[in-house]
Every structure is written in structure tokens, then in C-alpha cells.
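Student: here's a sequence, model it:
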Amino acid sequence: MFDDMSALSLARFQFAFTVSFHFIFPAFSIGLASYLAVLEGLWLKTGRDVYLQLFRYWLKIFAIAFGMGVVSGIVMAYQFGSNWSVFSDRAGPVIGPLMAYEVLSAFFLESGFLGVMLFGLDRVGKKLHFLATCLVAFGTTVSAFWIIVVNSWMQTPQGYGIAPNGQFYATDWLAVVFNPSMPYRLAHTLLGAYLTTALVVGAVGAFHLLKDRRLGRAAQPATKIMFAMAMGMVAVTAPLQIFAGHEHGVNTLQHQPAKIAAMEGHYESHDRAAPLILFGVPDDAAQVMRHKVEIPAIGSLVLKHSIEAPTTGLDKVAPENRAKVAFPFYAFRVMVGLGLLMLLLGGWAAFNAVRGRLFDNAWHHRLALAMGPAGFVAVLAGWITTETGRQPFTVFGLMRTAESASPLAAPAVAASLIAFIIVYFFVFGVGTWFILKLMAGEPNPGEQGPSKEQAADVGSLPPDAPFGFQLAE
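Tutor: Have a look, this model is predicted:
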């Protein structure tokens with residue numbers, strides 16, 4: 001059946017499949033590492049064992065999520081050499097050093113202190129252990145920084161030259177690193193990670209609050225603190241994320257107007273008062289949006305802060321340079337819709353907190369539980385929006401996706417794709433099941449972290465270590 005598909009289509013699908021798995025775990029572990037640092041800091045400052053209880057509870061979950069993120073990242077590197085060798089050859093002089101910086105400055109920092117963080121609480125001093133936790137959290141953020149630098153340079157390249165053999169090379173590393181979209185993309189990504197973690201923590205807290213209510217028992221202090229901290233984070237971060245997303249969109253309009261046109265569904269340009277299309281059915285063949293539901297003039301107001309402002313549509317873009325509208329159009333609406341629901345959840349939490357009913361409103365708890373996966377869906381929708389909106393380029397405006405792929409036959413790509421699908425669903429399915437099993441257990445005063453017996457053999461954990469050490473029940 002794969003003979004009917006091109007090797008390029010299969011390679012693109014494989015990359016999308018594997019990066020989707022990879023993206024969701026770092027999005028969770030970045031925020032969770034920071035949450036663990038906050039919990040340990042509160043324990044050291046207040047001396048309250050409830051914070052240590054929560055720290056140990058979430059530390060086990062972090063260990064598994066971090067391990068799955070590392071394993072999925074190794075596969076990503078494999079694909080650059082197997083399916084995208086032409087891209088690796090031409091863009092390697094720029095992105096290769098950036099990826100090396102990520103390994104040297106972030107991965108070594110994370111792996112070097114991860115063993116102390118997981119197993120060292122009873123073996124090193126409290127302050128030294130807290131430092132290790134903070135360094136792991138800092139390492140996850142530094143890792144995100146370098147990955148965002150690479151992706152942002154591919155979106156808005158600057159500070160480069162092109163050699164006679166077609167290879168890109170850096171002429172100004174500061175310009176490469178601090179390219180026009182990097183600060184906006186980094187802020188949007190980190191806020192998304194914090195929101196993702198807050199929604200998961202909030203959903204776990206809501207689950208146990210609802211369970212305690214159903215069983216007619218009082219909620220545990222750890223459950224209340226977990227839920228309150230998560231809802232406070234959502235209440236603060238959701239509006240910041242919406243603002244950051246808007247500013248990122250304005251930046252994208254300046255540097256990638258064709259992407260914004262695809263996201264907004266604007267096939268035609270408007271001299272003034274462009275509508276805001278809420279929904280529609282894109283028709284790329286006819287270059288029209290069918291069955292659209294729109295609000296007149298609001299599109300110009302949102303994009304350019306003036307109803308009188310003109311907007312550029314896909315009719316101003318050469319046909320061969322247009323993205324397929326459906327992917328960025330629908331994915332963008334999923335992301336925005338979930339963002340508004342997050343805003344509602346945070347606002348409702350603040351309202352209940354003021355009324356003293358944060359732990360008593362069952363309907364709010366049900367919404368928080370339902371929103372648990374929303375952060376993962378939103379970050380994936382955001383990734384789909386920005387990556388499909390960049391097409392048909394890998395390096396925007398300079399190198400096409402069709403020119404980037406390895407000269408492989410479709411069956412060869414299909415074989416590795418099938419292998420990845422089987423292995424991913426087994427390995428990550430088991431890992432996700434185990435995380436959900438841990439979350440189903442309520443934090444208790446005797447909460448234990450990862451087994452201390454494994455500490456002597458940890459050192460710098462290999463990528464598959466989180467599946468190898470035993471977790472205390």
C-alpha cells in the first residue's frame with residue numbers, strides 16, 4: 001500500500017508522528033521540574049512535611065516522563081540522518097553547533113544532577129539536594145531555549161551566508177541565536193509547558209477531591225495544596241499565555257505573512273476591515289473558504305489593532321509557496337479554543353477562592369479534571385500550526401521540504417515508520433499507563449520517592465534508566 005505514497009510524504013508523516021510524542025513529554029517535564037523545585041523550596045522554608053510529601057509524589061512521575069522524553073529525543077536525532085540527510089548536510093553548519101550547545105549546557109546538566117535529585121534526599125544535605133533540583137529544572141529550561149533557537153532560526157533565518165555548495169553557515173552567531181521570532185516563540189513555549197503541568201496537577205487534585213467527596217471523607221491537606229497551587233498557576237498563566245500568543249502572532253505577521261493568512265483562512269487580501277473567520281471549510285483548489293462563519297472587520301482589529309488596516313491574503317503569495325490551509329487553520333482554532341477554556345478555568349478558580357469554595361465546588365472540579373489533557377492537545381495544536389504554516393519550506397523562504405529529504409525509496413521509509421509506530425505505542429503506552437496508575441493513588445503522609453536502593457548505581461542515568469529503577473509503592 002505504501003507504493004502509492006511518496007517517500008517524502010512518508011518521511012514527513014514519520015517526523016510528525018515521532019515529534020508529536022517527543023513534544024508532549026518535555027512540555028510536561030519542563031513545568032514539572034520547576035514545580036518540584038518550588039515544592040522543595042517551600043518545604044525547606046516552612047518545614048511542613050506536606051510539601052515534602054507532594055515533592056516525593058510528583059518526583060516519581062517526573063522520573064518516568066523525563067525518561068520517555070529522552071528516549072523519544074534520540075529517535076528525533078536518528079531521523080535527521082536517515083530521512084533528512086540533505087537538510088542535515090546543508091543546514092548542519094548552523095543547526096549542528098546549536099544542538100551541540102543544547103547537549104553540553106542542558107542535557108549534561110540535567111543528567112548529571114538527576115541522580116542526586118531522584119535518590120539523594122537522604123544521602124546529601126537538604127540544601128545540596130535543593131540545588132540539584134533547581135539545576136535540573138534550570139537544565140530543562142536551557143534545553144528548551146536551544147531547541148527553540150533552532151526551530152526559530154528555521155522559521156525566521158538571519159545571520160547566515162550560503163556557500164557555493166549550497167550549505168548555510170553562520171556569519172553572526174548572535175543574530176542566529178536571537179533571530180526575530182525566538183523570544184516570542186520561547187515565551188509562548190515555556191508558558192505552554194507551565195500551563196500543561198498546572199492542568200495535569202490540577203486534574204489529579206480534582207480527581208482526588210471528587211473521589212473524597214464521593215466516599216464521604218475529608219480531603220487530604222496535600223490534595224488541597226496541590227489543587228490550589230495548580231489553579232493559581234492556571235489563573236495567572238492563562239491570560240499571560242493569551243497575551244504572549246497574540247504578540248507571537250503579530251511577530252509572525254511581520255515575518256511570515258503567508259502563515260498568518262493560512263491560519264486566519266484569508267485566501268483573499270482586504271484593503272480594510274478584514275473579517276475574523278471563526279469557522280469554515282478551506283478549499284485550496286478553488287482558493288476560497290466555504291461555509292464560513294465570520295465577524296466583520298474584527299480580523300484587522302486583532303491583527304493590526306485598527307479596523308481600517310489592510311491585510312494580506314494568500315492571493316499575494318505565489319501558488320508554489322502557499323501552505324495547505326486546513327492544517328494551520330483548524331489547529332490554530334483548537335489551540336485558541338482550549339486557551340479560552342483555560343482562561344475560564346482559571347477565572348472560575350479565582351472566583352471560588354475569593355468565596356472560600358475552591359475545594360467545595362464539584363462542577364469546577366469536574367471541569368478541572370476534564371481539562372487535564374488540554375495542555376498536551378494545545379501544545380500539539382500549536383506545533384501543527386507553526387510547522388504546517390511554514391510549508392513548503394524547512395528553512396523558511398530558502399530551502400524547500402521537497403529538497404530536504406534523503407534519496408530513499410518509499411518502502412524503506414515505510415519500514416522504519418511501521419517499526420516506530422509499534423515500538424512507540426508499546427513503550428510509551430506502558431509508560432503513560434504507569435504514570436496514570438501513580439496519579440490514581442492519593443499523596444499520603446508516608447509518601448516515598450524513587451527507591452533508595454538504586455541510588456548507588458545511578459551516577460549519570462542512561463536514557464532508559466527510568467524504566468529500570470524500582471519505584472516504591
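Student: run a quick neighbour tally on residue 128.
Tutor: 12 (other Cβ atoms under 10 Å). C-betas here are computed from N, CA, C, even on glycine.
Student: so which helix or strand takes in it?
Tutor: Per DSSP states H and E: residue 128 is located in helix 126-155.
Student: just the buried positions in that helix, please.
Tutor: 129-155 (16 or more other Cβ atoms under 10 Å).
Student: low pLDDT regions in this structure?
Tutor: Scanning the chain for pLDDT under 70 picks out 1-5, 445-473.
Student: what number of residues lie near residue 356?
Tutor: 8.
Student: how far away is it from residue 228?
Tutor: Residue 356 sits 12 Å away from residue 228, going by Cβ to Cβ, to the nearest Å.
Student: residue 403 now?
Tutor: From residue 403 to residue 228 the distance is 52 Å (Cβ to Cβ).
Student: could you do residue 92 as well?
Tutor: On the measure of Cβ to Cβ, residue 92 and residue 228 end up 48 Å apart.
Student: do the same with residue 388
Tutor: To residue 228, residue 388 is 38 Å away according to Cβ to Cβ.
Student: looking at those two, which one has more neighbours?
Tutor: The residue with more neighbours, out of residue 388 and residue 228, is residue 388; 23 against 16, by other Cβ under 10 Å.
Student: I figured the more buried one hits residue 325, correct?
Tutor: No: using Cβ atoms under 8 Å as the test, residue 388 is too far from residue 325 to be in contact (9.3 Å).
Student: need the phi and psi values for residue 291.
Tutor: phi 50, psi 40 (degrees, to the nearest 10).
Student: and for it, the neighbour number?
Tutor: Neighbours of residue 291 using other Cβ under 10 Å come to 8.
Student: and if you look at residue 330?
Tutor: 20.
Student: packing partners of the helix or strand harbouring it?
Tutor: Using DSSP H and E, the element containing residue 330 is helix 326-355. Here helix 326-355 touches helix 182-215, helix 221-255, helix 257-264, strand 276-283, helix 362-370, helix 374-390, going by 3 or more Cβ pairs under 8 Å, 6 or more residues apart in numbering; DSSP states H and E.
Student: mind listing what's buried in the longest one?
Tutor: It stands for helix 221-255. Residues of helix 221-255 classed as buried by neighbour count (16+ other Cβ under 10 Å): 222-235, 237-238, 241-242, 244-245, 248-249, 251-253, 255.
Student: could you do stretch 358-377 as well?
Tutor: Neighbour-count burial for stretch 358-377 [16+ other Cβ under 10 Å]: 358-359, 361, 364-365, 367-369, 371-372, 374-377.
Student: same check on stretch 86-100?
Tutor: 86-88, 90-92, 94-95, 98-99.
Student: and the furthest pair within the residues you listed?
Tutor: 86 and 98 (18.7 Å; Cβ to Cβ).
Student: got the domain ranges for this protein?
Tutor: 1-179+409-473, 189-404 (automatic domain parsing).
Student: how far does the last one sit from the chain's center?
Tutor: In terms of Cα atoms, centre = their mean, to the nearest Å, the gap separating the centre of domain 189-404 from the centre of its chain is 12 Å.
Student: quick check: end-to-end length of that domain?
Tutor: By Cα to Cα, to the nearest Å, the extent of domain 189-404 from end to end equals 26 Å.
Student: and for residue 433, the neighbour number?
Tutor: 10.
Student: let me see the backbone angles for residue 83.
Tutor: Per-residue torsions, residue 83: phi -100, psi -20 (degrees, to the nearest 10).
Student: same question, the one 5 residues further on
Tutor: Note on residue 88: backbone dihedrals following degrees, to the nearest 10 are phi -60, psi -40.
Student: excluding covalently adjacent residues, which one is nearest to it?
Tutor: Nearest non-adjacent residue to residue 88, counting by Cβ to Cβ, 6 or more residues apart in numbering: residue 80, 4.8 Å away.
Student: burial count for that neighbour?
Tutor: 18.
Student: now do the helices in the stretch 1-150 of the chain.
Tutor: 7-46, 49-82, 85-102, 108-119, 126-155 (DSSP state H, counting those that start in this stretch).
Student: on that earlier part again, the helix holding residue 330 vs helix 374-390, what angle?
Tutor: 150 degrees (axes from the mean of the first three to the mean of the last three Cα atoms, to 10 degrees).
Student: just give the nearest non-adjacent residue to residue 207, would you?
Tutor: In this structure, residue 207 finds its nearest non-sequential neighbour in residue 369, 5.5 Å apart by Cβ to Cβ, 6+ apart.
Student: what's the closest non-adjacent residue to residue 223?
Tutor: residue 208 (4.6 Å).
Student: how many other residues sit next to the one you found?
Tutor: Residue 208 has 24 nearby residues by other Cβ under 10 Å.
Student: any idea how far the residue nearest to residue 88 lies from residue 15?
Tutor: Distance of residue 80 to residue 15, given as Cβ to Cβ: 9 Å.
Student: could you do residue 74 as well?
Tutor: 14 Å.
Student: tally of neighbours for residue 199?
Tutor: For residue 199, using other Cβ under 10 Å, the count is 31.
Student: I should have written residue 444 there, sorry.
Tutor: That count, for residue 444 with other Cβ under 10 Å as the rule, works out to 11.
Student: part of a strand, is it?
Tutor: No: under DSSP: H, G, I helix; E, B strand; the rest coil, residue 444 sits outside any strand and is assigned coil.
Student: and it, how far from residue 56?
Tutor: 10 Å.
Student: go on, residue 335?
Tutor: According to Cβ to Cβ, residue 335 stands 34 Å off from residue 56.
Student: mind listing what residue 87 touches?
Tutor: Contact analysis of residue 87 by Cβ atoms under 8 Å, 6 or more residues apart in numbering lists 80, 394, 399, 404-405.
Student: now, those residues that are in helices?
Tutor: The helices, defined by DSSP state H, take in residue 80 from the contacts of residue 87.
Student: one step back: make JSON lines out of the helices and strands packed on helix 326-355 and add distance to residue 108.
Tutor: Output for the helices and strands packed on helix 326-355, formatted as JSON lines (distance: least, Cβ to Cβ, whole Å):
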{"stretch": "helix 182-215", "distance to residue 108": "21"}
{"stretch": "helix 221-255", "distance to residue 108": "29"}
{"stretch": "helix 257-264", "distance to residue 108": "35"}
{"stretch": "strand 276-283", "distance to residue 108": "45"}
{"stretch": "helix 362-370", "distance to residue 108": "37"}
{"stretch": "helix 374-390", "distance to residue 108": "25"}
